[in-house]
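Asks: Here is my input, please return the structure:
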Amino acid sequence: MLILVIVIIALALVFDYVNGFHDAANSIATVVSTRVLSPGQAVVWAAFFNFVAAFGFGVHVAKTMGKGLVHLDMITPEVILAGLIGAIVWDLITWWLGLPTSSSHALIGGYAGAAAVHAGLKAIIWSGWARPVVFMVVAPAIGIVLGFLLMLLILWVFRRSSPRKVDHLFRKLQLVSAALYSLGHGTNDAQKTMGIIVGVLITSGYMQRQANGDISIPFWVIMACHAAIALGTLSGGWRIVKTMGMKLTHLRPVDGCAAETAGAITLLGTAFLGIPVSTTHTITGAIVGVGSIKRASAVRWGVAARIVWAWILTIPAAAAIAALSMALIDLLR
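Replies: Residues are numbered from 1 along each chain as shown. I've put the predicted structure just below:
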């Protein structure tokens, strides 16, 4: 059992690493496409703040993932293994295709698909799915609205400033907004893997829940998950960077700053509320909101539609891959 637990924890950290390079585009696409930072500088900047997010932002999302989606007393470590396989395979497929899909929703879908095959639909805590499912729509909508409003505010405040002066100022400010977004990305996405690892420890008997049913997140789990996602971000994700930062709409430093700030506000707010949202959906919504203030045609809606279809497919696709993996694991046992 110990070897299996170690293997699953290692695979969870692999998922965290894949999440980092798959979602690196979320953190760096805007700052790279505006040429404020080179790709190399951008990934170092984002990776640093992905790791720093380990300190001071709580573990509310990790607790939601660890105890709020499936009944832990009805699953086994093998279920979590199959769920991780589903999430990783779907992440790699969409990374290869250059689609900025949600690693978070891939993980949730994989977890549910494997649990359903192993113990039936009764293993799923349906009430725990309400907020993640609702925020599939709400998170990008918040990003769109905040991106639009922030851009509107910036245009009004700097209406009498020359374009050159505005560009010079926001090239500096975008460093701050990119850092804030990477903090939000790190604190949201790394915590999802923490919840999975704690689930493995509980279902295998190496960790107990508290008397009130709550769970605690060991410090070593927090550090390992943030280190893995930071290393993944260092690996980049250039296919998706091109889609997010160059194909969706044309971005200037002022646009990138507004989009990153809108995304950071959304991610940090939902992290404090313990809602596992998609960082990909959030920043895409913010970019669309910023781009649409110029004119609707400034957003390449064909690219946006392709992204939306990938979003819709993520949970069922990851669930299907995980379900197949679970079935194969059961056959081999």
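Asks: Residue 11 versus the residue nearest to residue 333 when sequence neighbours are not counted, what's the distance?
Replies: Excluding the flanking residues, the one nearest residue 333 by Cβ to Cβ, 6 or more residues apart in numbering is residue 78, at 7.4 Å. For glycine as for every other residue, the C-beta is placed from the backbone atoms N, C-alpha and C. The gap separating residue 78 from residue 11 is 12 Å, by Cβ to Cβ, to the nearest Å.
Asks: now residue 269
Replies: For residue 269 relative to residue 11 (Cβ to Cβ), the value is 31 Å.
Asks: More neighbours: these two, which one.
Replies: residue 11 (18 against 14; other Cβ atoms under 10 Å).
Asks: what about the more buried one, helix or strand, and which?
Replies: Assessed by DSSP states H and E, residue 11 sits inside helix 2-22.
Asks: So which residues make contact with that helix?
Replies: Here helix 2-22 makes contact (Cβ atoms under 8 Å, 6 or more residues apart in numbering) with 47, 50, 77-78, 80-81, 84-85, 87-88, 91-92, 94-95, 103, 107, 189-190, 192-193, 196-197, 200-201, 204, 206, 224-225, 228-237, 240.
Asks: cool, and stretch 228-237?
Replies: 13-14, 16-25, 27-28, 39, 43-44, 46-48, 50-51, 95, 182, 186, 189-190, 193.
Asks: If we use 6 Å, what do you get?
Replies: 13, 16-17, 19-22, 24-25, 43, 46-47, 50-51, 189-190 (Cβ atoms under 6 Å, 6 or more residues apart in numbering).
Asks: okay, among those, which ones form the most distant pair?
Replies: Across the contacts of stretch 228-237, no pair lies farther apart than 13 and 25, at 20.7 Å, counting by Cβ to Cβ.
Asks: Among these two, which residue is more densely surrounded?
Replies: residue 25 (29 against 22).
Asks: pLDDT value on that one, please?
Replies: Note for residue 25: predicted pLDDT of 62.
Asks: do residue 194 as well
Replies: At residue 194, pLDDT is 91.
Asks: would you say it is within a strand?
Replies: No: using DSSP: H, G, I helix; E, B strand; the rest coil, the assignment for residue 194 is helix, not a strand.
Asks: What number of residues are in the vicinity of it?
Replies: Residues near residue 194, counting by other Cβ under 10 Å, number 26.
Asks: Work out for me the element residue 106 sits within.
Replies: helix 103-119.
Asks: what pLDDT, on average, does that helix get?
Replies: 88.
Asks: on that earlier part again, okay, and which of the contacts of helix 2-22 map to strands?
Replies: Using DSSP state E, no member of the contacts of helix 2-22 falls in strands.
Asks: buried subset of those?
Replies: 47, 50, 77-78, 80-81, 84-85, 87-88, 91, 94-95, 103, 107, 189-190, 192-193, 196-197, 200-201, 204, 224-225, 228-234, 236-237, 240 (16 or more other Cβ atoms under 10 Å).
Asks: Sort out for me which of those residues are in helices.
Replies: 47, 50, 77-78, 80-81, 84-85, 87-88, 91, 94-95, 103, 107, 189-190, 192-193, 196-197, 200-201, 224-225, 228-234, 240 (DSSP state H).
Asks: how much space is there between the most centrally placed residue in the chain and residue 7?
Replies: Most central in the chain under Cα atoms, centre = their mean is residue 279, positioned 4.0 Å from the mean C-alpha point. Taking Cβ to Cβ as the criterion, residue 279 is separated from residue 7 by 27 Å.
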